[in-house]
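K.L.:
predicted model and sequence below, questions to follow.
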Amino acid sequence: MASVKQLVNRIGKFEYPVLKLEMRVRQRKARPFIVMLVYAVLLSATAVLAQYMKLWPMPTPPSYVFDPAIAGRQVFRLISYLQMAVICLIAPAYSAGAISLERERRTLDMLSITLLSTPEIVRQKLAGALAEIAMLIMTSLPVLAIVFMLGGVSPMEVVLVYLLLMGIAVLLNAAGVFWSSMFNNTRTSMLVSYSSSLGYIMVLPILATLARDLIFYHDDAFIGRIVAYLMVAVLAGGMAALMLFGIAAGRLRRVEAWRVRAVRMGTLGGLFCAILLALNLSGIAFIILDAAPSIFELPALVNPFTSIGMTDLHTPVEVNTSMCITLGLVVTGTYLFQRSAIARLEILRRS
Amino acid sequence: MLRIENLTKQYGKLTAVNNLSLQLDAGDIMGFIGPNGAGKTTTIRMVSTLLKPTYGTAYVNGIDVLQYPEEIRPLIGYMPDFFGMYDDVLVWEYLDFFAAAYRIPVNKRNTIIDEVLELTDLLIKKENFVAELSRGMQQRLCLAKTLLHDPKLLLLDEPASGLDPRARIEIKELLKELRKMGKTILISSHILPELADFCNKIAIIEQGKLVVSGDVNEIMAQCRSGLCLKIRVVEREAEAIGCLAGLDVISDAKLEEDSCILATYVGEPGEQYAVLEALTRQGFKVRTFDEADLDLEDVFLKVTRGAVS
């Protein structure tokens, strides 16, 4: 208890000047309020309309009688999809200017010579962008009351989906902050942030499909397993090598151009490998669990959109695996992006 | 207070700063003079921990800038030559942000912000948006931000560039105030009259190399190879120049744009009256006869070759 108290005290005493400034500047503009209004109207309209639509096959037999539980489920799923889409659209825009704008405005020098540490600056910038998205996500809570009124969704499912939404927001924001530290120009960083966001949503399921085909469409299940193990070994080895390369290059302080390139390469390579590794780990997990047929669902398991709908049609094991994979990706990706943004800003502060 | 040792910065084949060494004692105000592109900003950025030197280092209060940048930052106040402002932020919020970033305790912050605003004559603008301030006021606000944590050494890079004459005078008055407060200042500029009034030391840099540095008066004395006489005559200036050129004690005489004759006197000190006598004897009507002071501009022109500009 004492340590919790100490931690709370420390957090309370600690100041967050960058976060404070970010929030101040953001909230003075009309944009967040307009976005929030449009978002709330859109969600409410969806919630009302979704009650009378039949969009997905539901576990309950179809009936001409209005079933509140089915309607509630439908509303919840549609709202969750919509929220995920909005987050993917908005997160890069909110964070892609975090560092590049400081450079464009010529305020980075003055920020750099303050006593704030580089991790503090990066984390507070990230928190600033996240706070705005968190507000948007919270806007949806009153709309969710309709779902609870209709029923059909357990509180645990709601918590899981909101955790997923927040997780994706964190990951995309961390990517945005990282890209903004890599480019001088906010327009470029915005473009790359949107591309990486799109890559996560679109390219990842395609890669998952490829991985599934490689593993499953093989004459012999045994060879399939060998291929899977080999892939994991190669990817894990590659990832470890890239990380070591990044660390080693980071120590070559005199060769600055090398360092920048190394951080960039190490991060991209590391991230790519981490994603592939995560995909294959799920494959391995299924093979080990002797649940080979479920491998068909692999593309769905790594897609945050399908993760939302998983709770309807899949077993708890599959749902949990899907959640774990997505949240695992979020944590790994966020950590990598954040560390790389810190390394890059450290270089910018003392170029 | 500040010791720069063999500071060098190379960008590929270009050497921006070449083996520069300087020393500033506590309370010194050094004018860092040089044409555009001479390496002034690069030097100041290296001292302020923003740029890593290729070779050499600098010490602030005996602490190595290269090795302990975190320990240097509380000691220095850096004002860049070009800087931006955050939009949608009030003047006091802007200062509050930097005060928090310099870890000034919350209970002292308001008093300090009011003090620096008063010093920079911006107290009346405390509740205004930063973007609404004029360029001169923004420059003063940036200086106020630089003073928040009471740094011992101020590194001011072209603090009066881009300002109108009035704003320039205001900045100059402010710098005089800082001198009274006993701050050590390294101030760069290429507008020399700005610095002449309040610097006790100067360093002249050209093409990254230090040309001369030291006490202002000593350097001026070194540059003074002869006494300069300013003479105005009523009509016949060209003939007067011919007459002056014929005198042994005058090494050089030329006509300036404002019909003033500048003649270099190389005779015995205190015997300048002989020149006046010679002129009147020849029938020239001398309107004024005076000794011209050597200013910073003359020193600068004398010691630099103007290779960069």
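P.N.:
In hand now; what should we look at? Since this is a predicted model, take the numbers as computed values, not measurements.
K.L.:
what about B:Ile250, neighbour count?
P.N.:
Per other Cβ atoms under 10 Å in any protein chain shown, the neighbour tally for B:Ile250 reads 20. The way it works is simple: take the backbone N, C-alpha and C, and place the C-beta from them, glycine included.
K.L.:
wait, it touches B:Tyr265, no?
P.N.:
Yes: at 6.3 Å, B:Ile250 counts as touching B:Tyr265 under the criterion of Cβ atoms under 8 Å.
K.L.:
which stretches of the chain have low pLDDT?
P.N.:
Went with chain A since none was named. Segments of chain A classed as low confidence (criterion: pLDDT under 70) are A:1-14, A:52-66, A:199-323, A:325.
K.L.:
to clarify, I was referring to chain B.
P.N.:
Scanning chain B for pLDDT under 70 picks out B:191-194, B:196, B:220-226, B:293-309.
K.L.:
show me where the stretch 151-300 of chain B has helices.
P.N.:
Listed in chain order, the helices of the stretch 151-300 of chain B (DSSP state H, counting those that start in this stretch) span B:165-180, B:192-196, B:216-223, B:237-245, B:273-281, B:296-303.
K.L.:
return the set of buried residues in the fifth one.
P.N.:
Taking 16 or more other Cβ atoms under 10 Å in any protein chain shown as the neighbour-count basis, helix B:273-281 is seen to contain the buried residues B:275, B:278-279.
K.L.:
ok, these vs A:Leu345, which is closest?
P.N.:
Checking the buried residues of helix B:273-281 against A:Leu345 with Cβ to Cβ, the nearest one is B:Val275 at 66.3 Å.
K.L.:
these two touch, right, the closest one and B:Gly246?
P.N.:
No: counting by Cβ under 8 Å, B:Val275 does not reach B:Gly246; the two are 11.3 Å apart.
K.L.:
residues contacting stretch B:63-81, please?
P.N.:
A:106, A:109-110, A:113-115, A:350, B:41, B:44, B:46-50, B:52-53, B:57-61, B:102, B:142-143, B:146-147, B:149, B:151-159, B:161, B:188 (Cβ atoms under 8 Å, 6 or more residues apart in numbering or on different chains).
K.L.:
now do 7 Å
P.N.:
Residues from elsewhere that reach stretch B:63-81 (Cβ atoms under 7 Å, 6 or more residues apart in numbering or on different chains): A:109-110, A:113, A:115, A:350, B:41, B:47-49, B:53, B:57-61, B:142-143, B:146-147, B:149, B:151-159, B:161.
K.L.:
now do the contacts for A:Ala175.
P.N.:
Going by Cβ under 7 Å, 6+ apart, the list of residues near A:Ala175 reads A:193, A:196-197, A:337.
K.L.:
quick check: it is in a strand.
P.N.:
No: secondary structure assignment places A:Ala175 outside any strand; it is helix (DSSP: H, G, I helix; E, B strand; the rest coil).
K.L.:
next one: it from chain B, what distance?
P.N.:
Counting by Cβ to the nearest Cβ, to the nearest Å, the separation of A:Ala175 from chain B is 24 Å.
K.L.:
likewise for A:Leu327?
P.N.:
With distances taken as Cβ to the nearest Cβ, A:Leu327 is found 34 Å from chain B.
K.L.:
burial check on that residue, number of neighbours?
P.N.:
Look at A:Leu327: counted by other Cβ under 10 Å, it has 18 neighbours.
K.L.:
mutual contacts of B:Ile250 and B:Tyr265, please.
P.N.:
With contacts defined as Cβ under 7 Å, 6+ apart, the residues adjacent to both B:Ile250 and B:Tyr265 are B:Val275.
K.L.:
that older thread, could the buried residues of helix B:273-281 go into JSON lines alongside distance to A:Ala174?
P.N.:
As requested, the buried residues of helix B:273-281 are exported to JSON lines (distance: Cβ to Cβ, whole Å):
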{"residue": "B:Val275", "distance to A:Ala174": "79"}
{"residue": "B:Ala278", "distance to A:Ala174": "84"}
{"residue": "B:Leu279", "distance to A:Ala174": "82"}
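K.L.:
of all those residues, which comes closest to A:Arg24?
P.N.:
Comparing every one of these with A:Arg24 (Cβ to Cβ), the shortest separation belongs to B:Val275, at 69.3 Å.
K.L.:
what sits against that closest one?
P.N.:
B:229, B:247, B:249-250, B:265.
K.L.:
filter the residues you listed down to the ones in strands?
P.N.:
B:229, B:250, B:265 (DSSP state E).
K.L.:
the second one and B:Ala263 touch, don't they?
P.N.:
What it means is B:Ile250. Yes: under the contact definition of Cβ atoms under 7 Å, B:Ile250 touches B:Ala263, with a separation of 5.1 Å.
K.L.:
tell me the residues of the stretch 251-351 of chain A that contact chain B?
P.N.:
A:350-351 (Cβ under 7 Å from any Cβ of the partner chain).
K.L.:
residue of the stretch 251-351 of chain A with the smallest distance to chain B?
P.N.:
Ranked by Cβ to the nearest Cβ, the top residue of the stretch 251-351 of chain A for proximity to chain B is A:Arg350, at 5.6 Å.
K.L.:
about what we covered before: just the contacts of stretch B:63-81: which are in strands?
P.N.:
The strands in this structure, assigned by DSSP E, contain B:57-60, B:153-157 from the contacts of stretch B:63-81.
K.L.:
and the furthest pair within those?
P.N.:
With distance counted by Cβ to Cβ, no two of the ones in strands among the contacts of stretch B:63-81 lie farther apart than B:Thr57 and B:Leu156, which are 21.3 Å apart.
K.L.:
those two - which one has more neighbours?
P.N.:
Each of B:Thr57 and B:Leu156 had its neighbours counted (other Cβ under 10 Å), and the higher figure belongs to B:Leu156 (25 against 17).
K.L.:
burial of residue 113, as a residue count?
P.N.:
Because you didn't say which chain, this covers chain A. Residues contacting A:Ile113 under the criterion other Cβ under 10 Å number 24.
K.L.:
actually, chain B is the one I wanted.
P.N.:
Every residue meeting other Cβ under 10 Å relative to B:Ile113 is counted, giving 24.
K.L.:
roughly how far does whatever residue of the stretch 151-300 of chain B ends up closest to chain A sit from B:Glu170?
P.N.:
Using Cβ to the nearest Cβ, the single residue of the stretch 151-300 of chain B nearest to chain A is B:Leu155, 9.4 Å away. Distance from B:Leu155 to B:Glu170, counting by Cβ to Cβ, to the nearest Å: 20 Å.
K.L.:
okay, those two: which has more neighbours?
P.N.:
Higher neighbour count among B:Leu155 and B:Glu170: B:Leu155, with 26 against 19, using other Cβ under 10 Å.
K.L.:
near chain A, which residues of chain B?
P.N.:
Chain B comes close to chain A at residues B:48-52, B:69, B:73-74, B:78, B:80, B:82-84, B:86-89, B:93, B:97-98, B:100-103, as judged by Cβ under 7 Å from any Cβ.
K.L.:
one step back: what would the helices of the stretch 151-300 of chain B look like in a markdown table with distance to B:Leu123?
P.N.:
Putting the helices of the stretch 151-300 of chain B into a markdown table (distance: least, Cβ to Cβ, whole Å) gives the following:
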| stretch | distance to B:Leu123 |
| --- | --- |
| helix B:165-180 | 14 |
| helix B:192-196 | 25 |
| helix B:216-223 | 34 |
| helix B:237-245 | 54 |
| helix B:273-281 | 55 |
| helix B:296-303 | 33 |
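K.L.:
can you tell which of the ones you listed is closest to A:Ala134?
P.N.:
With Cβ to Cβ as the criterion, A:Ala134 lies closest to helix B:165-180 of the helices of the stretch 151-300 of chain B, at 43.4 Å.
K.L.:
does that closest one pack against any helices or strands, and if so which?
P.N.:
Of the remaining helices and strands, those touching helix B:165-180 by 3 or more Cβ pairs under 7 Å, 6 or more residues apart in numbering or on different chains; DSSP states H and E are helix B:135-147.
K.L.:
and stretch A:132-144 with chain B, contact?
P.N.:
No: using Cβ under 7 Å from any Cβ, stretch A:132-144 stays clear of chain B, with a minimum separation of 14.5 Å.
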